Every structure is written in C-alpha cells, then in structure tokens.
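K.L.:
what's the 3D shape of this:
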Amino acid sequence: MQQNSLIRRPTAAALHPPAAKAVRSPLAIDTVPKRPAHSRARVPGPGVARRRDGGRAKILWLVAGALLLNACVTINVYFPAAAAEDAAREFIRGIKQAPGPEGGDQQGRLSPAPWQLAAVGLLQWISTPAAAEGEFSISSPGAKQLQQSMRQRYGQLLPYLRSGALGLKADGTVVLRDPKAVPIQERNSARQLVAEENRDRNALYQEVARANGHPEWESQIRRTFARQWISQAEAGTWYEAAAEEWKRK
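P.N.:
Predicted coordinates for the structure are as follows:
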C-alpha cells in the first residue's frame, strides 16, 4: 500500500500535449487560388454611367447637327432659272433647225437605249465636274444624243401639231389631244410617234438635271422646257395652259 501511494498519476497536460505549430516552408507552393484582377475591379457608380451617357448624347447631337446643316446647304442651292431658260431655248432651236423628212422611214433613226444613256451619263459624271452655282448647261453627250433623235422626229410631229391633233402639255411632253383629227390608218403610227417623243423628252429632263449635278431640279427643268416648247411653237398650236385647260396659240 505504501508503494502504490508513491506512484504519481499522469496529469491532463501530459495526456493531451498541445498541438505543434505548423512551420511554413519557404519552398511551399500556395495552393489557394487568387481572385482574378478583373473580379477585383470596382463597379462604376451611377454618377460615372450618367457622365458616359451624357458624352454619347453630345456626340449624337453633333452628328445630327452636321447632317442637318449639310441638308440645308444642299436645299439652298438655287435653281438658275435665267440660265436654264436660255439653254432650253437654244436646245429647242437646235431641234427645229433641220427637221427630218415628213413620213420618212424611221429605221436607222431610233432613240438611244436606256443603257446607252446611262453609260454616257456615267462617263460624263466622271470626266466633268458639277456645274458651278449660277451656271446651267445642256451639252452632255447624253443630251446631244437625245437632241439628235428628237431632231429627226420633229418633221413627223409637225403636221399633227399644225392640225391640232397633238398638243403641248404643261409638263413638257406631247399628247394626242384629238385622235379624230388623224386619219384612221395613221392613228397607230401617231400614237407610237408620241410615245417615242415623250420617252426622249422624259429622258432629256432627267439627263439635264443629272449632268448639272442636281437631280432634284428635274421638275423645274420640265417646266422650263414646257414654257420654251410653247414659246417657240407655231401659231395655231394647242397647248395646256392649266390642268386639262387647252388654248390655241
């Protein structure tokens, strides 16, 4: 009993020693993934977004203003009415100077095809600068081709204009105003003649506007030519003074 009392029992600290602290080796590799740089970027606040939207709005307003200014400049280019009247007068005189034979064969005197006018117009546009402000010209290759075609046809139109069968419209074209004034056997050929003439006249007004660098002038060019066709018509020619209102010169 005395010997057993001398034996000491182990303490709780001896039974459960504290855990040893881990020492990090300098060669150890950190296996914990790091957050990518972009994930740490700060999200812009509402004030920054508003400033960016305001900058974009200013740019859009500037672009819109520039486009509007360009449109105004284009619209404000005035139509040279006096120069156009002179050019149209000389052009029509050129048609009437050497009319073709009345009732002659039209073979070999066909109007230029649309693709020919387009090709000639493209070459003219490439080689000739746009007309300066206040200038007006009817001298493009396409216009000259049309003038030649109309000159050869003028002699065939003249008898119908004198008889009152044809009339001059306010839009610069011709119309079979009184079919009864044309013999029955000639009516089909007269209608074909009118169709060919109007095809050339419509092509002419478009070509003149394009060659002068202002396709938007076509309606004004039509009215200018209409006045000159009436002004240079022979006495007794019927013309449209207003919508469906015919007068005799």
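K.L.:
In the strand or helix carrying residue 240, which residues are buried?
P.N.:
Per DSSP states H and E, residue 240 falls inside strand 238-242. Of all the residues in strand 238-242, those buried under the rule 16 or more other CB atoms under 10 Å are 238-240. (Glycine included, C-beta is placed from N, CA and C.)
K.L.:
For this protein, which segments count as strands?
P.N.:
Using DSSP state E, the strands assigned to the chain run over residues 166-168, 174-176, 238-242, 245-248.
K.L.:
neighbouring strands for the second one, and are they parallel or not?
P.N.:
Partner strands and pairing direction for strand 174-176 (DSSP bridges) are strand 166-168 (antiparallel).
K.L.:
Kindly provide the whole-number mean pLDDT of the strand it pairs with.
P.N.:
For strand 166-168, mean pLDDT is 98.
K.L.:
For it, give me every contacting residue.
P.N.:
Here strand 166-168 makes contact (CB atoms under 8 Å, 6 or more residues apart in numbering) with 157, 160-161, 174-178, 190, 194, 226, 229-230, 233, 237-240, 246.
K.L.:
now with 7 Å?
P.N.:
Contacts to strand 166-168, defined as CB atoms under 7 Å, 6 or more residues apart in numbering, come from residues 157, 160, 174-177, 194, 229-230, 233, 237-240, 246.
K.L.:
That one: which residues count as buried?
P.N.:
166-168.
K.L.:
Could you do stretch 191-206 as well?
P.N.:
The neighbour-count check on stretch 191-206 (16+ other CB under 10 Å) flags 193-194, 196-198, 200-206 as buried.
K.L.:
Let's have the strands of the chain in a markdown table, adding distance to residue 153.
P.N.:
Below are the strands of the chain laid out as a markdown table (distance: least, CB to CB, whole Å):
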| stretch | distance to residue 153 |
| --- | --- |
| strand 166-168 | 12 |
| strand 174-176 | 11 |
| strand 238-242 | 19 |
| strand 245-248 | 23 |
